[in-house]
Every structure is written in structure tokens, then in C-alpha cells.
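Engineer: no letters, just coordinates:
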């Protein structure tokens, strides 16, 4: 096993371990729980900031133009989603209030970012793409669960509209993972 392969295996294991731990906590938190509009907006805000943070890092550290291009797409589209969410929050006069699940998402993101900051070259590219698949699956599952219980029509519509964007990012990241010669992580969106 080459040094780069070991680094990739270790970084992927750390990222996936953090994701699995966070997902199990989220699944314990979300079933049957209806979040307020303020809570939902806070989670969306946190997820968007996390994606922007990771994409900026990838634009600096990615070894391949394909990964930099993907990071650029994620950065652009999540900035647009964040702007739409800010506008919706203002329209609904909603001030985001952080629920427990947002803290769990943030902790998983920080664990992943530590791994990404430590990686470089092709190992970074593979770890970043795996991170993006996991983060987007997690975000998609949250958006779908929140849309099912959301009582405010405008927020429900925004959640439903966001789902396909997240699925598009998952699909692109999985294709990029295969392009990099790695089987994409087995994380599956709930729908």
C-alpha cells in the first residue's frame, strides 16, 4: 500500500466515521420532531455556510481541474441558495434559531474539514469528493424530512425546490469520484 493510498484510506475512514456518527444522532433527533421555521432556516444557513467553506478550501487545494471546477460549481450554487434563503427569512420575518441538529451538522462538518485541511494532492481530491457526497446526502435527507412537516407554504416550497439541486450535486460528486478512480461512498439519499 502506497503512502498516498494509506492517507486516502485514513482520511476517508475519518470522514465517513464522523458522518456515520452524525447521521445516527440526526436520525435519533429528527423522527417525529417538527422544527420551527426559525430552526429550519438556521439549519439551511449552517449547511450552506459549510458547503461554501469546503468549496473554498477545495478551490485552493484541489490537485485536478475537475475537482476545482466542481468546487466552483458548489460554491456558486450554494451562494445562490444562501441568498434565496436569506431573502425568504426576511420575507417571512424569521430569525434563525439554532436547534440541536444544526450543532450536530456543524460538528460533522468541522471533523471533515480537519481531515481535508490535513490532506493534499490526489488524496485531498478524493477526500473532498467523498466529503461532498456525504454532506449533500445529509443535507438532502434533512431537506426532505423538513419539507414533509413544514407548515409554512413558502418555506415548504423552498425546501422542495432545493432537493433537486442537492441531488444534482450528489450525482456530480459521484461521477467525479468514479473519474478519480474511487468507488463513491455508499451513502444514499432517503428518497
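Structural biologist: That came in fine, so what should we check first? On a predicted model such as this, the values are computed, not experimentally measured, just so you know.

Engineer: please make it C-alpha for all contacts and neighbour counts, starting now.
Structural biologist: OK.

Engineer: tell me the centre residue of this structure?
Structural biologist: residue 135 (2.7 Å; C-alpha atoms, centre = their mean).

Engineer: which parts of the one helix or strand that one maps to are buried?
Structural biologist: Following DSSP states H and E, the helix or strand that holds residue 135 is helix 121-149. By 16 or more other C-alpha atoms under 10 Å, the buried positions in helix 121-149 come out as 122-147.

Engineer: and if you look at stretch 45-59?
Structural biologist: For stretch 45-59, burial by neighbour count (16+ other C-alpha under 10 Å) applies to 45-52, 54-59.

Engineer: ditto for stretch 152-172
Structural biologist: Quick answer for stretch 152-172 (16+ other C-alpha under 10 Å): 155-156, 158-160, 162-163, 165-167, 169-170, 172.

Engineer: so which residues make contact with it?
Structural biologist: Residues outside stretch 152-172 that contact it (C-alpha atoms under 8 Å, 6 or more residues apart in numbering): 37, 70, 74, 81, 88, 132-133, 136-137, 139-140, 143-144, 146-148, 150.

Engineer: residue ranges with poor pLDDT in this structure?
Structural biologist: Along the chain, segments meeting pLDDT under 70 span 1-33, 184-191.

Engineer: can you map out the helices along the chain?
Structural biologist: 3-29, 37-61, 65-91, 100-118, 121-149, 153-179 (DSSP state H).

Engineer: chain center to the helix holding residue 135: distance?
Structural biologist: Centre-to-centre, helix 121-149 and its host chain are 4 Å apart (C-alpha atoms, centre = their mean, to the nearest Å).
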